[in-house]
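Chemist: Can you look at this prediction? I've put the sequence above it.
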Amino acid sequence: MKRFAPLLAAAGLIATTVPLLSATQASATPAADHLRQKPAWHRCSPEQPASYECATLKVPLDYRRPDGRTIDLAISRIKSENPAKRHGAMLLNPGGPGGSGLDLPLLMSEAMPKDVRESYDLIGFDPRGVGASSPITCGLTDAEQNFNRAYRPESFGSDVTSARTVADKCREKAGSVLPYITTRNTARDMDTIRAVLGERKLSYLGYSYGTYLGAVYSQMFPDRTDRFVLDSGVDPQRIWRGMIQVWATEAEPAFARWTQWAAQRSAEYKLGDTPKAVSDTFWELVARADKEPFEFEGMKVDGDMIRTTRAVFFYPAQATPMVVALKAASEGKPLPEGSTATELKRLLTGGATAEPASDNGTAVFWAVACGDTGSWPRYTEQYERDAVKDKARYPLYGDFASNIKPCAFWDRPVEAATPMHKKADVLTVQNEWDSQTPLVSGQGLHKALKGSRMVLAAGGEGHGVYLFDPTSCANAAVNAYLTTGKLPAQDVTCQNPPATAERRDSVAPAKPLPFPSTPGRF
């Protein structure tokens, strides 16, 4: 299941939108070429199984002009091996925005139980603008891809300049395409895939940002929504600034839980024998690193860098040795036995590699985050006020979350965000301790989708539940729904087993922030 780790890592609109065709008009125009095409399936590559097939579709860049400019949409599939048990086609999405899903049929076909696997043709795709689907770029440097900027009065001016530079470079490099790289258009692409496959309805498994994509599809195409599993939920009311800010608000209870965990093991870790003592140890480390950054594996580590590891505190068994090792490094002492410099560096840098990262994922992330909604503030002063306020309220990550982002300088969205008014008989799935789409976000998605059911893994840690954690108590309910199509009679809360030492080693935490390799990772 480690192969899944890289896949995860995401208010109303101001009324300046242009009316679009309704979902039905946009997807059912009889003369539209994109609905008449037939996929030319071929083996994806000689190194992969013959059953794994790929094709490329042409879809409208702008669905208001179905016969206008087109872009490529790369799709893949592995067909059900039991036609007698086949229920239909299941589309797969790994999250993002900006995540590639072309290889998901390969991964899922290995991980799914046989009775679930036989029920579906598994369909993968790279969303528009991503990977093999007419990829976009903003020409951003590694530094420009990193939105992890702490608020300080003396550096806010450069933060504003950086955010404006990203927006300007994206407009310059991809301005004719950017307005159409949105969740609503990706949902329309999903319905095009359904149509060209000859399916009356579509089933779906989406993680993280993919939950919002699935929710939008369920509202735009309710009559074509079949069995939908939305795993690790994005709250539609928080797109998208609120989804970044929720990382800050929910890091605080996770941090408090960690201090208690570490205090209970003070004899082993020596960070303090009460939660307050552990907290004091951490903040003293941050203050010392701010005053005098220390050397670690060729990096200068300051307090802001330590605070960016906020996601690790959702995993107490991993956060504790990390803090112990950082404390030792700050005091010029050797790393404790069992600590690995490589793993520490990964946590501190969010998984960054020495190689320059493609900015394709970052470009798509901002296109979607800025183009889905017009609720981003347009005045730099508001970002500064919010960053000051949230740094005090949520000291671990509040100023990072509320500081200025490129969306402040983005062009106005082409259309409004999707209202969540229609009934959606879908299944939402959530871990209690999820760092990227925290519990309150998953609950918000469930509440927004009337008719949905929620499966909550109490005590569950990690971003991504179904198939990501083979021991999760949530898997049985998801398998039952996917094989029968029947939702649970009511919401389900099950108790996840406590993480054993073996599982702590094998279930890696979500990256604290997915830059620079891939952005967002909702």
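Modeler: Ah, there it is.
Chemist: For the closest residue in space to Ala329 that isn't next to it in sequence, list the residues it contacts.
Modeler: Leaving aside its sequence neighbours, Ala329 sits nearest to Phe296 (CB to CB, 6 or more residues apart in numbering; 4.9 Å). Placement of C-beta: from N, CA and C, glycine included. Residues in contact with Phe296 (CB atoms under 8 Å, 6 or more residues apart in numbering) are Leu326, Ala329, Ala341, Leu344, Lys345, Leu348.
Chemist: surely the first one meets Asp302?
Modeler: The one in question is Leu326. No - using CB atoms under 8 Å, Leu326 and Asp302 do not qualify as a contacting pair, with a distance of 11.3 Å.
Chemist: okay, the two: which has more neighbours?
Modeler: Leu326 (25 against 17; other CB atoms under 10 Å).
Chemist: Now do the same for that one: its pLDDT.
Modeler: Leu326 carries a pLDDT score of 93 in this model.
Chemist: cool, Thr349 as well?
Modeler: Value listed for Thr349 in the pLDDT field: 74.
Chemist: do the same with the one 3 residues further on
Modeler: Here the pLDDT value assigned to Ala352 is 60.
Chemist: again with Arg385
Modeler: 98.
Chemist: In a strand, Ile123, correct?
Modeler: Yes - remark: Ile123 belongs to a strand, assigned using DSSP: H, G, I helix; E, B strand; the rest coil.
Chemist: in the helix ranked longest in the chain, what's buried?
Modeler: Counting by DSSP state H, the longest helix found in the chain is helix 241-264. Neighbour counts over helix 241-264 (16 or more other CB atoms under 10 Å) mark 241-252, 254-255, 257-259, 261-263 as buried.
Chemist: same question, stretch 467-482
Modeler: For stretch 467-482, using 16+ other CB under 10 Å, the buried residues are 467-469, 472-475, 477-482.
Chemist: measure Val286 to Lys345 for me?
Modeler: Distance, Val286 to Lys345, using CB to CB, to the nearest Å: 18 Å.
Chemist: Between the two, which is the more surrounded one?
Modeler: Val286 (19 against 16).
Chemist: so what's the more buried one closest to, chain neighbours aside?
Modeler: Nearest to Val286 is Gly303, by CB to CB, 6+ apart, at 3.9 Å.
Chemist: Name all residues that make contact with the one you found.
Modeler: Taking CB under 8 Å, 6+ apart as the definition, contacts of Gly303 comprise Leu285, Val286, Ala287, Arg288, Ala289, Asp290.
Chemist: Restricted to helices, list the residues you listed.
Modeler: Leu285, Val286, Ala287, Arg288, Ala289, Asp290.
Chemist: Give me the buried stretch members for stretch 481-490, please.
Modeler: Tyr481, Leu482, Thr483, Leu487.
Chemist: now the helices for the stretch 151-300 of the chain?
Modeler: Per DSSP state H, counting those that start in this stretch, the stretch 151-300 of the chain has helices spanning 156-174, 183-196, 209-220, 241-264, 266-269, 275-291. These are given in chain order.
Chemist: Kindly export the last one (C-alpha atoms) in PDB.
Modeler: Read it as helix 275-291. These are the backbone C-alpha positions of helix 275-291, laid out as PDB (Å, rounded to 0.1, in the frame of the first residue of the first chain):
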ATOM      1  CA  PRO A 275       1.300  17.900  28.100                       C
ATOM      2  CA  LYS A 276       2.200  21.500  29.100                       C
ATOM      3  CA  ALA A 277       5.800  20.500  29.600                       C
ATOM      4  CA  VAL A 278       6.000  18.800  26.200                       C
ATOM      5  CA  SER A 279       4.400  21.900  24.600                       C
ATOM      6  CA  ASP A 280       6.900  24.100  26.300                       C
ATOM      7  CA  THR A 281       9.800  22.000  25.000                       C
ATOM      8  CA  PHE A 282       8.500  22.300  21.500                       C
ATOM      9  CA  TRP A 283       8.000  26.000  21.500                       C
ATOM     10  CA  GLU A 284      11.400  26.500  23.200                       C
ATOM     11  CA  LEU A 285      12.900  24.600  20.300                       C
ATOM     12  CA  VAL A 286      11.000  26.800  17.800                       C
ATOM     13  CA  ALA A 287      12.200  30.000  19.500                       C
ATOM     14  CA  ARG A 288      15.800  28.800  19.700                       C
ATOM     15  CA  ALA A 289      15.800  27.900  16.000                       C
ATOM     16  CA  ASP A 290      14.300  31.300  15.100                       C
ATOM     17  CA  LYS A 291      16.900  33.100  17.100                       C
END
